[in-house]
Structures are given as structure tokens and as C-alpha cells.
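Participant: Sequence and computational prediction follow.
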Amino acid sequence: MAKAQKTVAIDNTAIPSGDGESVIPAWAAPKVEPKTEDKAPKAVACDIVGRQLTFTFGTGSTASINLDDLIPSLVEQAALHGLKQKIVDAAAISRDPVTGKSATFADKEAACRDIIDRLLAGHWNKPAGEPRDDTGGMFLRALMEVWGSDDVAATKARMAAWDKDQIAAVKKNPRVTAIMARMATEAAKAKGIDSDALLGDI
């Protein structure tokens, strides 16, 4: 006896097939949307537009405050508080970005003075067009190691005589690149990242 041929519904209704099963075409099956993790809402977020601050709370409600609605003495107090926080926050660095060593009181003072100078120059944040300093960080530390020096100022003074092309050439020098590669590996391991182990798994 010939086996009954399976038939497939052309809508969402299952039609019994010849072998007793019900068949629904894949295109007609209900779509299951993937679950997405909802980000935990912030207790409060703040947007600044012009002279107005608008706070959005986790409950969904909002509140606004405009500088024009405050008496002058409060505006002055708010400005002083903001400046204090801006400058003091700069001292929160844990390491010297140049040497990689624990930040000293002098390093923290220098970071604060940098913010003060920037504010006095009329900038709240670092200007977008401000040129990048390519003579610091890991490159500087590598040169200090090449020259056997622990004097940051003296090393920078020697580098100051180089132009951009000379700096680029020195950065490609095998003696310098080897030290910088080692420093990068050490920095990664300090964060708990073992690049050798990762390569071994490939």
C-alpha cells in the first residue's frame, strides 16, 4: 500500500500528514523574538542645554533648574563648587602617565595645575584641535631605558631637539620597538591578560 503523501498548510493551520504528524511550514511558524537584556535604569541622569539642567529619574519623572531662576549668590556658589570638583578630580590619578610609577604628590599637583591653566585659557575641556604629544608615555620610558636614565626632564630635553620625522624614525628603531613591545606585554599581564596563552589556544 502506498504511503500517503505529506501535505503542508498554506496558512498557520496544521494539516495532518499521511504518517500521523502535523506539519506547519517554516515560513508560517510563529516568530520568536530573541530576548534582550534590559539595561538597569540609572537612578538619575542629567542633560545640560544652555543654562538649564534637566534631571531624569529612574521612576521616569523629570525636574529642571535654570541658572536664571537662581539668585546670584547661589550661581556663584555653584560655579565655585563645580570648579573645585573639576580641579580636585584631576588629582585622582593613580599612576604617572609618563613613567607608569605610582603618582606622587608632585604628579597630582601637576595634573591639577594643568586643569587650572586650561580653565584660565578659556577651555573647560581639552580643545579637540590641540596637538597630541608624541614624546611621552611608553615611548619616553623606552628612551629612558635605552639611555639608562631616570630623569624625565632631561630625557624630554634631549628629545626636544628632534623634529617630527626624527621622532618617527626613532620610534621604529629595533632597540626602541623591542622595549615598547615588552612594556605593552607587561601592561597587559598586569591587567590579567596573558597574550601568550591566548595565542596558544589558536
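Facilitator: Thanks, I have the structure now.
Participant: rest of the way, CA atoms for contacts and neighbours
Facilitator: Will do.
Participant: All the strands of the chain, in order from the start?
Facilitator: In the chain, the strands defined using DSSP state E lie at 15-16, 22-23, 44-49, 52-57, 62-66.
Participant: Touching, residue 48 and residue 64? I think so.
Facilitator: No: applying CA atoms under 8 Å, one finds residue 48 not in contact with residue 64, separated by 9.7 Å.
Participant: what do the two both touch?
Facilitator: Counting by CA atoms under 8 Å, 6 or more residues apart in numbering, the common neighbours of residue 48 and residue 64 are residue 54.
Participant: Residue 142 is nearest to which of the strands of the chain?
Facilitator: Ranking the strands of the chain by their distance to residue 142 (criterion: CA to CA) puts strand 44-49 first, at 42.5 Å.
Participant: Give me the sheet partners of that closest one and which way each runs.
Facilitator: Note on strand 44-49: by DSSP bridges, its sheet partners are strand 52-57 (antiparallel).
Participant: Kindly calculate the angle that the partner strand makes with strand 62-66.
Facilitator: Put simply, strand 52-57 runs at 160 degrees to strand 62-66, going by axes from the mean of the first three to the mean of the last three CA atoms, to 10 degrees.
Participant: May I see the buried residues of stretch 168-185?
Facilitator: Residues 171, 176, 179, 180, 183, 185 are the ones in stretch 168-185 that count as buried (16 or more other CA atoms under 10 Å).
Participant: now the first one: how far from residue 189?
Facilitator: The span separating residue 171 from residue 189 equals 23 Å under the rule CA to CA, to the nearest Å.
Participant: circling back: do you know which of the strands of the chain lies nearest residue 148?
Facilitator: Residue 148 lies closest to strand 44-49 among the strands of the chain, at 49.8 Å (CA to CA).
Participant: model confidence over the closest one, on average?
Facilitator: The pLDDT scores in strand 44-49 average 92.
Participant: how far does it sit from the chain's center?
Facilitator: The chain centre lies 20 Å from the centre of strand 44-49; the measure is CA atoms, centre = their mean, to the nearest Å.
Participant: now do stretch 164-171
Facilitator: Distance of stretch 164-171 from its chain centroid, counting by CA atoms, centre = their mean, is 28 Å.
Participant: Just the C-alphas of stretch 105-118, formatted as CSV.
Facilitator: Extracted in CSV, the C-alpha atoms of stretch 105-118 (Å, rounded to 0.1, in the frame of the first residue of the first chain):
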residue,chain,number,x,y,z
PHE,A,105,52.0,64.4,45.3
ALA,A,106,54.0,66.3,42.7
ASP,A,107,52.3,64.4,39.9
LYS,A,108,48.9,65.1,41.3
GLU,A,109,49.7,68.8,41.7
ALA,A,110,50.9,69.0,38.1
ALA,A,111,47.6,67.4,36.9
CYS,A,112,45.6,70.0,38.9
ARG,A,113,47.7,72.9,37.6
ASP,A,114,47.2,71.7,34.1
ILE,A,115,43.4,72.0,34.6
ILE,A,116,43.8,75.4,36.2
ASP,A,117,45.9,76.6,33.2
ARG,A,118,43.3,75.3,30.8
